[in-house]
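**Student:** Curious how this folds, go ahead:
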Amino acid sequence: MSDAEQPQIYLITPPEIELSHFPTDLARILDAEDIACLRLSLPTRDEALILRAADAVRDAAHRYDLALVIDTHVDLCSDR
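**Tutor:** The predicted structure is shown next:
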C-alpha cells in the first residue's frame, strides 16, 4: 500500500470538554501523533457552546494542518 493509501487516525472529542485546558491537551496529543482529522462531537444543541468549543480547538487544528469537523450541527454551516 502506498503512503497515500495508508489508514489515518481521526480524533473524536469527549462529550464534554473543559475549554480552559482542552486546547493544550489537544496540542500535546497532536505533537505526539499524526492525526488526520478532529471531530468536535458535543451532544449539546447550544450553538454558542459549540462555537466556543470550535474556536478553542481551531488554532490547534490550523497549526497541525488538521481538518476540523463539527458533528451533527449542519445549521452552523448554513447562510444566515
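**Student:** so where do the helices sit in the protein?
**Tutor:** 22-32, 47-63 (DSSP state H).
**Student:** hang on, Thr13 packs against Leu42?
**Tutor:** Yes - between Thr13 and Leu42 a contact is recorded at 6.8 Å, counting by Cβ atoms under 8 Å. Bear in mind the C-beta positions are built from the backbone N, C-alpha and C, glycine included.
**Student:** Which neighbours do these two have in common?
**Tutor:** Ala53 (Cβ atoms under 8 Å, 6 or more residues apart in numbering).
**Student:** Look at these two and report which has more neighbours.
**Tutor:** Counted by other Cβ atoms under 10 Å, Thr13 and Leu42 do not tie: Leu42 has more neighbours, with 19 against 16.
**Student:** Model confidence score at Asp65, please.
**Tutor:** With respect to pLDDT, Asp65 scores 91.
**Student:** quick revisit: rank the helices of the chain by pLDDT, which is bottom?
**Tutor:** helix 47-63 - the lowest mean pLDDT of these, at a mean of 89.
**Student:** Asp34: neighbour count?
**Tutor:** Around Asp34 there are 10 residues (other Cβ under 10 Å).
**Student:** gap between it and Gln8?
**Tutor:** 8 Å (Cβ to Cβ, to the nearest Å).
**Student:** What residues sit buried inside the top strand by length along the chain?
**Tutor:** If you go by DSSP state E, the chain has its longest strand at strand 35-40. For strand 35-40, the neighbour count (16 or more other Cβ atoms under 10 Å) marks 35, 38, 40 as buried.
**Student:** Run through the bridge partners of the last one.
**Tutor:** Think Leu40. Ile70 (DSSP bridges).
**Student:** Name the residue closest to the centre of this structure, please.
**Tutor:** Centroid-nearest residue in the chain: Leu38, 3.5 Å away (criterion: Cα atoms, centre = their mean).
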